[in-house]
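# Attaching a predicted model along with its sequence, questions to come.
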Amino acid sequence: MKKVKWTYVSGCIVAIGFPVFFLLIGIWTGDWGYALWSVPPALMTIWGALVVSRKQKVVKD
């Protein structure tokens, strides 16, 4: 259970934190490429967290 919780927390940090961080860099520098490059890692993290949580749910049932 503890490992799943850590995965969830780290996934949220990456899924929310990366785009926000790079959005701020994009606003500061005026180069929006930073924000665009943060979207794929965030989406991959969300997808991975979804797969792991569904597998955990299937194993428990």
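That came through fine. What you see is a predicted model; the values in this text were computed from it and never measured. Residues are numbered from 1 along each chain as shown.
# Okay, now the unreliable bits of the protein?
1-4, 7, 57-61 (pLDDT under 70).
# Could you list every helix and strand in contact with the helix or strand harbouring residue 18?
Using DSSP states H and E, the element containing residue 18 is helix 18-29. Judged by 3 or more C-beta pairs under 8 Å, 6 or more residues apart in numbering; DSSP states H and E, the packing partners of helix 18-29 are helix 33-60. In short, each C-beta sits where N, CA and C put it, glycine included.
# How far off centre is the helix it packs on?
Centroid separation for helix 33-60 versus its chain: 6 Å, with C-alpha atoms, centre = their mean, to the nearest Å.
# and it with helix 18-29, angle?
Inter-element angle recorded for helix 33-60 and helix 18-29: 170 degrees (by axes from the mean of the first three to the mean of the last three C-alpha atoms, to 10 degrees).
# mind listing what's buried in the helix holding residue 18?
18, 19, 22, 26 (16 or more other C-beta atoms under 10 Å).
# repeat for stretch 38-45
Residues 38, 42, 45 are the ones in stretch 38-45 that count as buried (16+ other C-beta under 10 Å).
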